[in-house]
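> With the sequence up front, the predicted model follows.
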Amino acid sequence: SGGRGGNSREGRGTAAVSVTSDGEVSTRGDRSQGILAQSIGAGGGVGGMSITANISTSQSTNLGGAIGGSGGAGGNAATTSVITSAAISTDGTSSEGILAQSVGGGGGSGRLSISAAVTTSETNNLAFSMGGSGGAGGTGGVVDVTSGGTVTTSGNQSAGVVAQSIGGGGGNGGTSIAGTITTSSSKALSAAIGGSGKGGGNSATVNAGSADSISTAGLLSDGLLAQSIGGGGGNGGTSVSGNISASKSTEIGVAVGGSAGGGSAANSVTVDSKGDVSVSGGGSRGLVAQSIGGGGGNGGMSISGNLTSSSSTKELNVSVGGSGGSAGAGAAVSLTSTGKVMTGNSNIPAGMTGEHGILAQSIGGGGGSGGLALTGSTNRGNRSLTVGVGGVGGKGATSSTVQLTSSGAVTTASDQSNGILAQSI
């Protein structure tokens, strides 16, 4: 018998978003941004489950296969643009002055597959199972923000200006399970392969400019934050293979963890800040520009084992962990500041540090870990062989150039808070 789960549809892409504001904007409630502009791709759907089973009470050959459905790809996001020329103020928690984002949809996960064979007499049994593959992440679009008026926020987690392009994460591979159960002499082969994770989506360029002052007073409230972040790769699916017998038999179990998806590349980030920037809350930074490559997904774990009450059973168990995904590269970052930048104050809570004045970073993503491999047997005789091989880790990615120009005074007042920090990692 055989079965296959249905594949899911991909998420829909979105259209461009453009906001132009010439009047003053003020909000007072929590989670109330001054201007919120987002283009967000829809997430891919989850694949269908697949389960097959064979049951026999007489001599026969049983073949069973199950393949999980694949997840759908995430939808692509489009350009997001914001232009303002008047003052913006907010007075609540999680209330950014300007929040502009283009976010690719996440890929859907592959689904579980199970294949089993059960018999009570001499048979030849084959159970094969493969988890569904994940869907690819959607791409983030270009983000452009031009802030021409003052921006003031007073609540916690309320940055002044946020501009982000974020690639969608790749979907995870589905789990795969294959097994046989026999109560008399038989030959059994069970093989399970975890579904493969898919790659994340690329992010696009981010350009953020501010012509007037920015002031924030709450905890974790950056003055201006601009980021291009590549989507992370999906994890490989776990695989489990097992055989159970109560008498003399020949059993082979093979399990291979699913391979992971790769992280995707980020794009360039440009920031031009002409006004003064003042942030006084703990954990808040003045100006931040980052291009961050997506991390590779982790390889799937594999488990293979046989359980028998007979020392005369012949057994072979092989378990191979899935390979980790390679990472995406960070891109060029350029930040120019001509106004004063001030962070921190004497009343910041103890233990809060890192209130850097200006932070510019290009960061390559880290490779994913290889999957763990486990194998074992309860055979008390000398006719058992087990082999376990861990998965290979994915490669890390490169970063790019960082160019930072500051002509205004920069002042910080907290521990471990650099005035200017520029890194290519």
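Cool, got the structure. Residues are numbered from 1 along each chain as shown.
> in the stretch 101-250 of the chain, which ranges drop under the pLDDT threshold?
Across the stretch 101-250 of the chain, the ranges flagged by pLDDT under 70 are 121, 184-185, 247.
> Might you report the residue contacts of the residue nearest the centre of the chain?
Residue closest to the mean C-alpha point of the chain, counted by Cα atoms, centre = their mean, is G232 at 3.8 Å. By Cβ atoms under 8 Å, 6 or more residues apart in numbering, the contact set of G232 is 137, 169-170, 200, 263, 294-297, 365. Quick note: C-beta positions are derived from backbone N, CA and C, even for glycine.
> How about G29?
Neighbours of G29 in contact, by Cβ under 8 Å, 6+ apart: 92, 95.
> Quick check: which element contains it?
For G29, there is no host helix or strand (DSSP states H and E).
> Now do it against Q101, distance only.
20 Å (Cβ to Cβ, to the nearest Å).
> swap in S190?
Separation of S190 from Q101 (Cβ to Cβ): 46 Å.
> Pick out whichever of the two has more residues nearby.
With neighbours defined as other Cβ atoms under 10 Å, S190 and Q101 compare such that S190 has more, 30 against 22.
> Quickly run through the sheet partners of the strand or helix carrying the more buried one, with directions.
Taking DSSP H and E as the definition, S190 sits inside strand 187-193. According to DSSP bridges, strand 187-193 forms sheet pairs with strand 123-130 (parallel), strand 250-256 (parallel).
> partners of the helix or strand where A100 lies in the sheet?
Here A100 is covered by strand 98-103, with elements defined by DSSP H and E. Within its sheet, and counting by DSSP bridges, strand 98-103 is paired with strand 35-40 (parallel), strand 161-166 (parallel).
> Please work out which of these is packed deepest.
Sort these by mean neighbour count, taking mean count of other Cβ atoms under 10 Å, and strand 161-166 sits at the top with a mean of 28.
> Next secondary structure element downstream of that one?
Where DSSP H and E defines the elements, the next helix or strand beyond strand 161-166 is strand 176-182.
> What's the local residue count around T411?
By other Cβ under 10 Å, 14 other residues sit near T411.
> Now do the same contact list for it.
340-343, 357, 419.
> Let me know the secondary structure of it.
What DSSP: H, G, I helix; E, B strand; the rest coil gives for T411 is strand.
> heads up, I number from 748, so please use that
Yes, from this point I'll number from 748; that puts the last item at T1158.
> What's the separation between it and T1083?
For T1158, the distance to T1083 (Cβ to Cβ) stands at 18 Å.
> My read is that K1142 contacts G1114, right?
Yes: using Cβ atoms under 8 Å, K1142 is in contact with G1114, at 4.9 Å.
> Give me the distance between the two termini of stretch 780-793.
32 Å (Cα to Cα, to the nearest Å).
> Quickly list what's touching both of K1142 and G1114.
1043, 1073-1074.
> From G1140, how far out is G1114?
Distance from G1114 to G1140, by Cβ to Cβ: 6 Å.
> and what of L810?
Taken as Cβ to Cβ, the span from L810 to G1140 is 36 Å.
> My guess is V772 contacts S832. True?
No: V772 is not in contact with S832 according to Cβ under 8 Å; the separation is 11.1 Å.
> Show me what I1050 is bridged to.
Under the criterion used (DSSP bridges), I1050 bridges to V987, L1121.
> I meant S1171, not that one.
Beta-bridge partners of S1171, counted by DSSP bridges, are S1109.
> was I right about it contacting Q1108?
Yes: counting by Cβ under 8 Å, Q1108 is a contact partner of S1171 at 7.5 Å.
> Out of the contacts of G979, which sit inside helices?
Here DSSP state H is the test, and the contacts of G979 give no hits in helices at all.
> Using a markdown table, lay out those residues together with distance to G853 and neighbour count.
What follows is the contacts of G979, written out as a markdown table (distance: Cβ to Cβ, whole Å; neighbours: other Cβ atoms under 10 Å):
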| residue | distance to G853 | neighbour count |
| --- | --- | --- |
| G884 | 6 | 38 |
| G916 | 5 | 33 |
| G917 | 8 | 39 |
| G947 | 9 | 41 |
| G1010 | 13 | 37 |
| G1041 | 12 | 37 |
| G1042 | 14 | 29 |
| G1043 | 16 | 35 |
| G1044 | 12 | 38 |
| G1112 | 17 | 33 |
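> Listing request: residues of the stretch 998-1147 of the chain with sub-threshold pLDDT.
For the stretch 998-1147 of the chain, applying pLDDT under 70 flags the ranges 1057-1058, 1093-1098, 1126-1129.
> Do you have the helices of it handy? List them.
When assigned using DSSP state H, counting those that start in this stretch, the stretch 998-1147 of the chain turns out to have no helices.
> number of nearby residues for the residue lying closest to D1162 once chain neighbours are set aside?
Distances taken as Cβ to Cβ, 6 or more residues apart in numbering put T1100 closest to D1162, at 5.0 Å, once the chain neighbours are dropped. Neighbour count of T1100, defined by other Cβ under 10 Å: 14.
> which residues does G1075 contact?
Residues in contact with G1075 (Cβ under 8 Å, 6+ apart) are 947, 949, 977-978, 1009-1013, 1040-1042, 1111-1112, 1144.
> Same check on Q780?
Counted by Cβ under 8 Å, 6+ apart, Q780 has contacts 774, 837, 842-846.
> between V772 and S832, which one's more packed in?
Set side by side, V772 and S832 show more neighbours around V772, with 18 against 14, by other Cβ under 10 Å.
> can you pull the contacts of that one?
Contacts of V772 by Cβ under 8 Å, 6+ apart are 781-782, 831, 833-836.
> What's the PyMOL line that selects buried ones from these?
Typed into PyMOL, the line below selects the buried ones among these, using 16 or more other Cβ atoms under 10 Å:
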select buried, resi 781+782+831+834+835+836
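> Which one of K1142 and G1114 is surrounded by more residues?
Between K1142 and G1114, counted using other Cβ under 10 Å, the more crowded position is G1114 (25 against 16).
> Give the closest residue to the more buried one in space, chain neighbours not counted.
The nearest residue in space to G1114 (Cβ to Cβ, 6+ apart) is G1141, at 3.4 Å.
> Next, find the distance separating the one you found from S950.
Applying Cβ to Cβ to G1141 and S950 gives a distance of 19 Å.
> pretty sure I1039 is touching G977, no?
Yes: between I1039 and G977 there is a contact under Cβ under 8 Å: 6.9 Å.
> out of these two, which sits in the busier spot?
For I1039 versus G977, neighbours defined as other Cβ under 10 Å are more numerous around G977 (38 against 26).
> pretty sure the more buried one is touching G1041, no?
Yes: G977 lies in contact with G1041 (Cβ under 8 Å); the separation is 3.5 Å.
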